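Participant: What follows is a predicted protein model with its sequence.
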Amino acid sequence: MKKHHKILLGVMCLIFILSFGCERTYLYTDKDIKLAARRASVQPVFYIPAMKVFFTTPLDEEKEFTKEDIEELLKEKIKEAIEKDREEQAEEKYSSYFTEIDEWGYEPVSQTHVPLGALAPKWAKFPERVLVVCKVEKKEITAWEKEYEKDILAISETANVSPSQAKGIINRLRAEGYSVSKEEVAQSETVELLHFSNGWDDKYPTILKWSVEVLGSEVNLIVGYDSKGILEIQPVPDDVRLHVVAGYFDLKDEYKPKSDEVKKLESQVEMLEEDVKDKQIIIDEQKKEEDKKRDISTATLGDLMYGNVKVDNFWFMSAASGVFLGNMRVTDKFFGVQSNWGSYKHIIINEKKGVVLTNAHVAEMALNFEIYVSEDKEEMWVIFPGIPYIRYTKDTDLLGSPAQVLWVENEPVSSQDFDSAIMVTTAIPSYEKHKAILGDSDKVKEGDAVIMVGNPGYMQKFLTEGVIANKSYSFLDSFLGSTFLGFDLSLGLHRWLLNSNFWFDTPIGIGGTSGSGVWALEGSEKGKVIALHNMGLKEPLSIASAVSDEKNIDSCPLIPVASDTPLKSVLREYKSEFFKDYPFKEAKFKFNVDSFAKEEPLFKEAMEHCGLWVDVAGMNAGVPINKVKQYLQERGIDPANFGWEKLSDGYWEN
């Protein structure tokens, strides 16, 4: 029996050879553990290409259109859209005269400010380029005199003009007998507001008869004005009431919100119109019952070449968390799938590599090719495998180190059942001392203190502390579990939920924390990783997206296949050709995922269909590390290379 053990041990040692033989010193203090957990936490980043495929026109299929016909039609539509946009831009929605505010008994919230927005409709627009002045002796300013320096700087700041322009304004004001000094305004009995409606160079500004007075007094308290509609006044006691006289530009009637009565009548009209439409739809469906319905999933390369179909290219960026397990030399039993996006080539055999443990649903963003077709067959989304990198710290190069999912026997080391996977990246010898040690999740106790280090929202190495809530409670144990999830469970999802049964209460931000290590702060496993976080997302995995400025591809690349080849096959095989003029390094990430989903409603359906949109609020759970180690050993990973115990002989007899 011992001889067999030696043979087995020898075979497993061939798989990984440890680059450094020493195991990290056992950690004792909380401070040591937290520092080690931060160092061992890394950030996998994925640049995911996606493509929207759609028909160019909603016209009947029976009519044949040439590429020239479609281009002419599009030019006409673009011309109409530009003309309509110019008309809307040129149209003034606000009245050209002021609507008066005359409020008696106003009790100000602030002792020094009166917000006119509180006295006007929410759509009110207040005048810009207004200066608060008072009447003084007329005086010509021939030089930048010291006594006017503050006034010039004040106007420069208020009007957002240069000091030289501000000097010109103060020259005109003093020549007309006005002062903008707040001290002089506060002491004057003749406060006026000058509205430069035609720009700050306007030599004949309009005098606004605005005032704020304490009831029973005739002293105008205004000393300043903000174009957001805020009057600055001299300080007043808390219990006073004011008489406010001001004005605002009101919306024209056709742009104001509609009354409830009008909305009700419009709703009734819409219902009648919908009824007519429904009847018409029934008639049309009866006429087209035998007609062949077009299907975007059957589109061919020829459809793209001749303009019947178009594609939009997008890049989505996603990031998560991972645990650094050390640098290893990979034997010829393992391999990685090199990038074919032209970004890098990843040679893995007989090379030292940094080994990172993360979730399967994270790592497989580099593997999955998914196609989603809308219910009406009019639109298709293609989600390509992402380009993976590993970032060690927030100061790492923007991309980080090229990475790959580890493969053995033509299968990735990635398990959806245990939501765990191994990624490999550039080895860093000096980082070996910061590798994490995987512990024994069976030996920890509920109530034990734990920490978690993750990367919420792209922000790296955020550490939170809590306790173990439950060591073995599957979401499926709740009789409301399936009801809460709201969908039928596949066998794979059932296994995923069954094994994600380690619960803890370390609070952390949403998005980007999948693959975070959970570290024990006490007990026999103190200083070791005892769970792999995989639930807690409230947002989709991608939190940013990019689209090229010229996103519509009017002509497809030159591809050596027949024109009747299905387009979805072409996209999978020649994906890099479609993105070669728009690499992710040049992408402009200018949408958050919520706003993008509003603009492209079917995008969310596609992401949900492809498993890249997770919406399970309030979850905070993970996979016990013993289950992760069990899976890795069954895939041929030698535990001796990582500093944790191998499975007992009894396990293999189960």
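Facilitator: Looks like it came in fine.
Participant: CA atoms for contacts and neighbours, from now on please.
Facilitator: Fine.
Participant: Now for Pro388, how many residues are close by?
Facilitator: By the other CA atoms under 10 Å criterion, the neighbourhood of Pro388 contains 27 residues.
Participant: which residues does the residue lying closest to it once chain neighbours are set aside contact?
Facilitator: Sequence neighbours aside, Phe46 is the residue nearest to Pro388 in space, at 4.5 Å (criterion: CA to CA, 6 or more residues apart in numbering). Each residue near Phe46 by CA atoms under 8 Å, 6 or more residues apart in numbering is listed here: 317-319, 365-366, 386-389.
Participant: pLDDT and distance to Lys580 for these - can I get that in a markdown table?
Facilitator: Putting those into a markdown table (pLDDT from 0 to 100; distance: CA to CA, whole Å) gives the following:
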| residue | pLDDT | distance to Lys580 |
| --- | --- | --- |
| Met317 | 86 | 17 |
| Ser318 | 88 | 20 |
| Ala319 | 91 | 23 |
| Met365 | 89 | 20 |
| Ala366 | 88 | 18 |
| Gly386 | 88 | 15 |
| Ile387 | 89 | 14 |
| Pro388 | 91 | 17 |
| Tyr389 | 92 | 19 |
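Participant: Phe504: which of the residues you listed is nearest?
Facilitator: Nearest to Phe504 among these, counting by CA to CA, is Ala319 at 22.4 Å.
Participant: Quick one: residues in contact with stretch 502-513.
Facilitator: In contact with stretch 502-513 (CA under 8 Å, 6+ apart) are residues 318-321, 450-452, 454-458, 462-474, 531, 533-534, 536-541, 543, 620-624.
Participant: Quick one, which of the residues you listed are buried?
Facilitator: Buried positions within those, assessed by neighbour count (16 or more other CA atoms under 10 Å), are 318-321, 450-452, 454-458, 463-474, 531, 533-534, 536-541, 543, 620-624.
Participant: Which of the residues you listed fall in strands?
Facilitator: Of the positions in these, 318-319, 450-452, 454, 463-470, 531, 533-534, 543, 621-624 sit in strands, assigned by DSSP state E.
Participant: how close does Trp407 get to Pro560?
Facilitator: When CA to CA, to the nearest Å is the yardstick, Trp407 and Pro560 sit 31 Å from each other.
Participant: higher neighbour count, those two?
Facilitator: In this comparison of Trp407 against Pro560, neighbours counted by other CA under 10 Å, the higher total goes to Trp407 at 19 against 8.
Participant: and the longest strand anywhere in the chain, how far from the chain's centre?
Facilitator: The strand spanning the most residues in the chain, taking DSSP E as the definition, is strand 41-55. When distances are taken as CA atoms, centre = their mean, to the nearest Å, strand 41-55 is centred 13 Å away from the chain's centroid.
Participant: Next, the angle strand 462-470 makes with it.
Facilitator: Put simply, strand 41-55 runs at 90 degrees to strand 462-470, going by axes from the mean of the first three to the mean of the last three CA atoms, to 10 degrees.
Participant: Just checking: what are the partner strands of strand 41-55?
Facilitator: The partner list of strand 41-55 in its sheet, established with DSSP bridges, is strand 309-319 (antiparallel), strand 322-330 (antiparallel), strand 379-383 (antiparallel), strand 387-391 (antiparallel).
Participant: And stretch 519-535, end to end?
Facilitator: End-to-end distance for stretch 519-535, by CA to CA: 16 Å.
Participant: Report the buried residues of it.
Facilitator: Going by 16+ other CA under 10 Å, stretch 519-535 has these buried residues: 519-522, 525-535.
Participant: Repeat that for stretch 368-385.
Facilitator: Of the residues in stretch 368-385, those with enough neighbours to count as buried (16+ other CA under 10 Å) are 370-374, 377-385.
Participant: which residues are contacting it?
Facilitator: With contact meaning CA under 8 Å, 6+ apart, stretch 368-385 is reached by 48-55, 294-297, 365-367, 572, 602-603, 606, 609-610.
Participant: Got a PyMOL select line for the buried ones in those residues?
Facilitator: Here is the PyMOL command that selects the buried residues among those (16+ other CA under 10 Å):
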select buried, resi 48+49+50+51+52+53+54+55+295+296+297+365+366+367+572+602+603+606+610
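Participant: Run through the helices of the stretch 351-500 of the chain in chain order.
Facilitator: Under the criterion DSSP state H, counting those that start in this stretch, the stretch 351-500 of the chain carries helices at the ranges 360-363, 481-485, 491-499.
Participant: which ones are touching the residue lying closest to Arg495 once chain neighbours are set aside?
Facilitator: For Arg495, ignoring the flanking residues on the chain, the nearest one in space by CA to CA, 6+ apart is Asp417 at 5.1 Å. Taking CA under 8 Å, 6+ apart as the definition of contact, the neighbours of Asp417 are 492-493, 495-496, 499.
Participant: domains for the protein, by residue range?
Facilitator: Per automatic domain parsing, the domain ranges recorded for the chain read 17-52+314-542+609-653, 94-255.
Participant: now the longest one, how far from the chain's geometric center?
Facilitator: The reference is to domain 17-52+314-542+609-653. Using CA atoms, centre = their mean, the distance from the centre of domain 17-52+314-542+609-653 to the centre of the chain it belongs to is 21 Å.
Participant: got it, and the shortest one?
Facilitator: Here the centre of mass of C-alpha atoms in domain 94-255, compared against the chain's by CA atoms, centre = their mean, lies 42 Å away.
Participant: what's the straight distance from one end of that domain to the other?
Facilitator: By CA to CA, the extent of domain 94-255 from end to end equals 9 Å.
Participant: Name the SS class of the closest residue to Ala320 other than its chain neighbours, please.
Facilitator: Of all residues not flanking Ala320 in the chain, Gly512 sits nearest, at 3.9 Å (CA to CA, 6+ apart). The three-state assignment at Gly512 reads coil, by DSSP: H, G, I helix; E, B strand; the rest coil.
Participant: Gly512: neighbouring residues, count only.
Facilitator: Here the neighbour count serves as a burial measure; for Gly512 (other CA under 10 Å) it reads 30.
Participant: any chance you could read off phi and psi for it?
Facilitator: Backbone torsions of Gly512, given as degrees, to the nearest 10, read phi 100, psi 0.
Participant: quick revisit: any chance of the contacts of Phe46 in TSV, plus distance to Trp652?
Facilitator: As requested, these are arranged in TSV below (distance: CA to CA, whole Å):
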residue	distance to Trp652
Met317	41
Ser318	38
Ala319	36
Met365	32
Ala366	32
Gly386	36
Ile387	37
Pro388	35
Tyr389	36
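Participant: follow-up on the earlier one: closest to Glu274 out of the domains of the chain?
Facilitator: Using CA to CA as the measure, domain 17-52+314-542+609-653 is the one of those that comes nearest Glu274, at 20.0 Å.
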